[in-house]
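> mind looking at a prediction? Sequence and model below.
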Number of protein chains: 2
Amino acid sequence: MPTSPRPAAFKSLLSTAHELADEAAKVTMRHFRRPIPIDNKAVKGDFDPVTKADQGGELAMRKVLKRTFPSHGILGEEHGTTVGDGRYQWVLDPIDGTRAFISGNPMWGTLIGLTDKAQAIVGVLDHPFSQERLWSAETASYHRRGDAPAKRIKTRTCPDLSRATFMSTTPRTFTSKRNSAIHTMITDQVQLVRYGGDCYAYGLAVQGFVDVIVEPGLKPYDIVALIPIIERAGGRVTTTDGDSAVNGGDVVVTGDPKLHDAVLKMISKL
Amino acid sequence: MPTSPRPAAFKSLLSTAHELADEAAKVTMRHFRRPIPIDNKAVKGDFDPVTKADQGGELAMRKVLKRTFPSHGILGEEHGTTVGDGRYQWVLDPIDGTRAFISGNPMWGTLIGLTDKAQAIVGVLDHPFSQERLWSAETASYHRRGDAPAKRIKTRTCPDLSRATFMSTTPRTFTSKRNSAIHTMITDQVQLVRYGGDCYAYGLAVQGFVDVIVEPGLKPYDIVALIPIIERAGGRVTTTDGDSAVNGGDVVVTGDPKLHDAVLKMISKL
């Protein structure tokens, strides 16, 4: 692509993405597994826990960006959109999996994405509790834990739904008739169904342990960071209609591109 | 209880339980996140992955027991029952959450329980990947991560289902009419529903982050280790009929004993 950043620019962008993850982790981990009284403000049926960790984590990242790339745009889950005057937009979710977070479950993560004219070009998925970080370099994706050396990661071969492991955060988000039909179609056919995981599930897919993920109703900040990580690990990600997932929506991820073709074909016949 | 082991004996039993966890972890972690080809022997509809890790982990624990307490009985998930000539029986599950394990999901754990005439008196729940260990001492329960000091853990106050966080491994195990009714009754009323987690969910309950767990069809080795950890952290565990969970079955765990009363009462009216 002629519009891709030059290697030196890419390196600087990726390095900043890592710095954002480091800064967010300092804030989020201060709040993780602190006792949460059950009489918090959450209202039954409209449970959207927004913690200090979430807001503080995003502010810490915005502070870095203001200093490093003041002209860049920012779309954050907590503090909305900052319009930039350049081609780049950072897409930030300080805590993907807030429900996991408030339950003490370590599978939440921080998502840091960067788009260049609506193409997701940089992605970092950080899990501060388990000290795991996954990211996309220019042509490959990597996983690192703690101080161990980074390892290149790849999705696994699995062209057939009948042999696949399926993950999704919860069956309870497949509420529309179409999504419910997609959920039933896939879970009836796969070898293994696992719920829970939020963003952690994508990390398992890019490491070759999970073959298909479907999540309805994603926002851009739920998926932008993951797109380059998935694609550069050999996987595929689109909406259930086969469009780019950069704006979120009902999203299908597979490790094996052939499985993606098969799943989209099955969905189109529902 | 006049039959309780003396403090010195208890200390020795607990120390051995920790040694079992250490030895099992050496084996299981050698196999965790190794690539698993999708053409393994698992058969659709009868998916019961038994890994080398599971079998080897149990053998490592049996070796310790043979040396340390040769007269004790052993009930293991993988290698069946060894009849002892004393009052004690060890109840071992090297990998609780084999489906999590093969999916690369870190929330599996090793369960080490000890019964004294059908009373669960010692429990260890070990999570080798996250380096977390939970256990019951004589009168309290503890959590330790890595080399950090152990912290006493307690369940939280939550007498009302409407404010509770519910966890269960998957809605797909609530297959009987009665269990399906229990699942619907609880998930319709609680504030937050989370799936996934296997034994990790109990660890979150005893740390005060999850209020109610229901798991149908447990085996003794799925629950015996957890009983003393739950009870000595202030929680309660029985079958859905209110009987001892020491033989497994359909199990209800709550952090707050008042919530347990309330849930059993609701179940009795179904």
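Good, I have the coordinates. Residues are numbered from 1 along each chain as shown, chains lettered A, B, ... in the order given.
> from the stretch 101-250 of chain A, which residue is nearest to chain B?
residue A:196 (2.0 Å; CB to the nearest CB). C-beta coordinates here come from the backbone N, C-alpha and C atoms, glycine included.
> doesn't residue B:200 make contact with that residue?
No. The criterion here is CB atoms under 8 Å, and residue A:196 misses it with residue B:200 at 9.4 Å.
> what is in contact with those two at once?
A:105, B:107 (CB atoms under 8 Å, 6 or more residues apart in numbering or on different chains).
> what residues of the lengthiest helix in chain A count as buried?
For chain A, the helix that runs over the most residues, judged by DSSP state H, is helix A:7-31. For helix A:7-31, the neighbour count (16 or more other CB atoms under 10 Å in any protein chain shown) marks A:10, A:13-14, A:16-17, A:19-25, A:27-28, A:31 as buried.
> stretch A:70-81 now?
A:72, A:73, A:74, A:75, A:76, A:77, A:78, A:79.
> ranges for the strands of chain A?
Secondary structure of chain A by DSSP state E: the strands cover A:73-76, A:80-82, A:88-96, A:109-116, A:119-127, A:132-136, A:141-145, A:151-153, A:165-168, A:192-195, A:212-218, A:236-239, A:249-254.
> quick one: mean pLDDT for the second one?
Looking at strand A:80-82 alone, the average pLDDT works out to 90.
> what does it contact?
A:62, A:73, A:74, A:75, A:76.
> if you drop the residues flanking it in sequence, what lies closest to the third one?
Closest residue to residue A:74 apart from its sequence neighbours, by CB to CB, 6 or more residues apart in numbering or on different chains: residue A:82 at 4.1 Å.
> burial measure for that neighbour, as a count.
16 (other CB atoms under 10 Å in any protein chain shown).
> up against chain B, what does the stretch 151-270 of chain A have?
Taking CB under 8 Å from any CB of the partner chain, the part of the stretch 151-270 of chain A that reaches chain B is made up of A:156-158, A:162-165, A:167, A:170-172, A:191-197, A:200, A:204, A:207-211.
> pull out the buried residues from these.
A:156-158, A:163-165, A:167, A:170-171, A:191-197, A:200, A:204, A:207-211.
> out of those, which sit inside helices?
Going by DSSP H, the helices hold A:200, A:204 from these.
> ok, the closest residue to residue A:131 other than its chain neighbours to residue B:21 distance?
Among residues not flanking residue A:131 along the chain, residue A:146 sits closest, at 4.5 Å (CB to CB, 6+ apart). Taking CB to CB, to the nearest Å as the measure, residue A:146 falls 21 Å from residue B:21.
> cool, residue A:82 as well?
Look at residue A:82 and residue B:21: by CB to CB, they are 49 Å apart.
> need the CA coordinates for stretch A:69-80. PDB is fine.
This file holds the C-alpha atoms of stretch A:69-80, laid out as PDB (Å, rounded to 0.1, in the frame of the first residue of the first chain):
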ATOM      1  CA  PHE A  69       1.500  12.700  18.800                       C
ATOM      2  CA  PRO A  70      -0.600  15.800  19.600                       C
ATOM      3  CA  SER A  71      -2.000  15.900  16.100                       C
ATOM      4  CA  HIS A  72      -3.400  12.400  16.200                       C
ATOM      5  CA  GLY A  73      -7.100  11.700  16.600                       C
ATOM      6  CA  ILE A  74      -8.300   9.600  19.500                       C
ATOM      7  CA  LEU A  75     -11.500   7.500  19.900                       C
ATOM      8  CA  GLY A  76     -11.700   6.200  23.500                       C
ATOM      9  CA  GLU A  77     -14.300   4.100  25.200                       C
ATOM     10  CA  GLU A  78     -14.500   6.400  28.200                       C
ATOM     11  CA  HIS A  79     -13.800   9.900  27.000                       C
ATOM     12  CA  GLY A  80     -15.100  10.000  23.500                       C
END
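> for residue A:169, give me phi and psi.
phi -60, psi -50 (degrees, to the nearest 10).
> OK, contacts around residue A:203?
Residue A:203 neighbours (CB under 8 Å, 6+ apart): A:109, A:125, A:127, A:132, A:134, A:143.
> repeat that for 10 Å
Contact partners of residue A:203, counting by CB atoms under 10 Å, 6 or more residues apart in numbering or on different chains, are A:107, A:109, A:125-127, A:130, A:132-134, A:143, A:153, A:197, A:209-210, A:226, A:229-230, A:233, B:104.
> skipping adjacent residues, who's closest to residue A:89 in space?
Using CB to CB, 6+ apart, the nearest residue to residue A:89 is residue A:73, at 3.8 Å.
> ok, and the closest non-adjacent residue to residue A:228?
residue A:136 (3.7 Å).
> name the residues linked to that neighbour by a beta bridge.
Here residue A:136 sits in beta bridges with residue A:141, as judged by DSSP bridges.
> burial count for it?
Using other CB under 10 Å, residue A:136 has 28 other residues around it.
> surely it meets residue A:143?
No. The pair residue A:136 / residue A:143 is not scored as a contact, 11.1 Å apart, by CB atoms under 10 Å.
> spell out which residues are contacts of both of the two.
With CB under 10 Å, 6+ apart, residue A:136 and residue A:143 have common neighbours A:125, A:206, A:229, A:233.
> I'd assumed residue A:199 was in contact with the first one.
Translated: residue A:125. Yes. Using CB under 10 Å, residue A:125 is in contact with residue A:199, at 5.9 Å.
> who touches both of these two?
A:93, A:96, A:109, A:110, A:111, A:134, A:225, A:226.
> show me where pLDDT drops low in the stretch 51-200 of chain A?
Along the stretch 51-200 of chain A, no part satisfies pLDDT under 70.
> residue B:230 versus residue A:73, what's the distance?
49 Å.
> residue B:56: which of the buried residues of stretch A:70-81 is nearest?
Lowest distance from residue B:56 to these (CB to CB) belongs to residue A:77, with 43.3 Å.
> for that closest one, what are its contacts?
With contacts taken as CB under 10 Å, 6+ apart, residue A:77 has the following neighbours: A:50, A:54-55, A:57-58, A:91-96, A:98, A:111, A:219-222.
> give me the buried subset of those residues.
Buried subset of the contacts of residue A:77 (neighbour count, 16+ other CB under 10 Å): A:54-55, A:57-58, A:91-96, A:98, A:111, A:220-222.
> those: which two are farthest apart?
Those two in the buried ones among the contacts of residue A:77 that are separated most widely, counting by CB to CB, are A:55 and A:220, at 18.6 Å.
> ok so, going back, the residue of the stretch 101-250 of chain A closest to chain B reaches residue B:97, doesn't it?
No. Counting by CB under 10 Å, residue A:196 does not reach residue B:97; the two are 11.1 Å apart.
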